[in-house]
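**Student:** No letters, just coordinates:
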């Protein structure tokens, strides 16, 4: 029970910090259920002075720790959850943390490999970058090919325990929210936390990151303008990842890039087209493509690092993305609407014509603006807002895509403020559509269909046998009835009552804690 009460205590602290930063200042109290009005009124009161100073929300979230930084970065792509203004403020969040001590890093490496640091690396330098989950050191190794420089990523001590605790709190908060605010179930907040949890879990196992880098390198090995550093598998474990050192200029150093003679506008186009190629062509893309993770090497190739967050899209989602982008480029709003219905994202009881009309309301104002004022990320955000009116639930598989689109577009715009997003995206998207929806694509679809039918035919005897068993069980239940014992009914009632009591207790505990903070 003590552990159970830890959830509302920590959530209340987070609520207090975020309230002081003005996160809830624009909440409409009258639109909330009566049981939730008091805590949100207290939260609004705490944040009433936040408008008078600089935006404190990113700093407040950073103060809560790495888990909340990750959550804030996710919510920056979800204006349908937090509102457009809060989403804009969350875009300023940066995943930067102070480095931990060199001695601790050496201890982590020695524990991971079961050897002294000098037996693993010839040199092991001080950290050159630090984030919420890990930090990177520059080092040297010696093997049969001689000595070479490598980048060594070391897990931050104690970070797994902290993330487990904070994610548990977030799950608790999302379930309480869905219980007391039924309208929020459409937002699938628990599933968003699921995505965050899976992403963080993979980020903290560097063997998985190494595997992602290896797969990504195979997908992009034929590209002349993009590359992935090689992984040193002999010096990689769960807590330590070693890879080729990238000797290049960071995309954050625009002055250095210009001084080196690089065409910044061309680099901006390469960033956008590379991302779209990986997402649409491969269905496997770098989902953390901020400028700190992108370099230009000595050969002028865009080089990505840090593969802890990768996104995947199935063929259905890739077609959906490509046809939506191409539909907006060609102003074929009817086709954009049809794609939503074909994918099953919008319920069939709505009319395609009505949905196309709503999409036109997004597309036409965009085409009336200069090319350098068009934001593809903004188009996707508006599209998801409109689809909510047509009962399209949040597509959790598209959350990372939307987040990455925002980041990638920001990087490209910083290199070239006048970048034309549509003309940059058109060759990649239209080429993929011709290849996959043209004659060759239809033949490939037919081949996949034949394979699926053959597999089904092979499984048909087992399916028929299982169906026969189920029918027999249903007939037996129809004849004899389906009954619950009194003890089972009693236990179900107790469980329901206990859940309701705990929900009330947790909510009012939050209220009390906020009031205590307020009176301090």
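**Tutor:** Right, received. Where do you want to start? The structure displayed is predicted, hence computed values, not measured ones. Numbering: from 1, shown residues only.

**Student:** Can you point out the helix or strand that includes the residue nearest the centre of the chain?
**Tutor:** The centre of the chain sits closest to residue 400, judged by CA atoms, centre = their mean, with a distance of 3.4 Å. If you go by DSSP states H and E, residue 400 is part of helix 399-415.

**Student:** That helix - contacts with which helices or strands?
**Tutor:** Under the contact definition 3 or more CB pairs under 8 Å, 6 or more residues apart in numbering; DSSP states H and E, helix 399-415 sits against helix 66-75, helix 189-203, helix 254-259, helix 264-276, strand 284-286, strand 310-312, helix 376-389, helix 421-437. Backbone N, C-alpha and C define where each C-beta goes, glycine included.

**Student:** list the buried ones in that helix?
**Tutor:** Buried residues in helix 399-415, counted by 16 or more other CB atoms under 10 Å: 399-415.

**Student:** try stretch 158-170
**Tutor:** Applying 16+ other CB under 10 Å to stretch 158-170 flags 159, 160, 163, 165, 166, 167, 168, 169, 170 as buried.

**Student:** In contact with residue 302, which residues?
**Tutor:** By CB atoms under 8 Å, 6 or more residues apart in numbering, the contact list for residue 302 reads 225, 226, 227, 267, 270, 271, 274, 294, 295, 296.

**Student:** So what's the residue count around the first one?
**Tutor:** Right, the one you point to is residue 225. Neighbour count of residue 225, defined by other CB atoms under 10 Å: 16.

**Student:** Please tell me how far residue 227 sits from residue 215.
**Tutor:** Per CB to CB, to the nearest Å, residue 227 is found 14 Å from residue 215.

**Student:** who's more crowded, the two?
**Tutor:** Remark: of residue 227 and residue 215, residue 227 carries more neighbours, 19 against 15, as counted by other CB under 10 Å.

**Student:** Verify the contact between that one and residue 305 for me.
**Tutor:** No. Counting by CB atoms under 8 Å, residue 227 stays clear of residue 305, with 10.7 Å between them.

**Student:** hey, where'd the helices end up in the stretch 1-150 of the chain?
**Tutor:** If DSSP state H, counting those that start in this stretch is used as the criterion, the helices of the stretch 1-150 of the chain fall at 2-20, 34-46, 57-64, 66-75, 79-82, 84-90, 102-113, 117-120.

**Student:** Pick the most buried one from the ones you listed.
**Tutor:** Comparing these by mean neighbour count (mean count of other CB atoms under 10 Å), helix 66-75 ranks first with a mean of 22.

**Student:** What is that helix packed up against?
**Tutor:** Using 3+ CB pairs under 8 Å, 6+ apart, helix 66-75 is in contact with helix 57-64, helix 84-90, helix 159-180, helix 189-203, helix 399-415.

**Student:** Out of these, flag the one nearest residue 20.
**Tutor:** helix 57-64 (6.9 Å; CB to CB).

**Student:** and that closest one, average pLDDT?
**Tutor:** Per-residue pLDDT over helix 57-64 has a mean of 78.

**Student:** And the helices and strands packed on helix 66-75: which comes nearest residue 427?
**Tutor:** helix 399-415 (15.1 Å).

**Student:** Direction-wise, compare that closest one with helix 421-437 and give the angle.
**Tutor:** If you take axes from the mean of the first three to the mean of the last three CA atoms, to 10 degrees, helix 399-415 sits at 140 degrees to helix 421-437.

**Student:** Pull the distance from helix 399-415 to the chain's centre.
**Tutor:** Here the centre of helix 399-415 is set off from its chain's centre by 12 Å, with CA atoms, centre = their mean, to the nearest Å.
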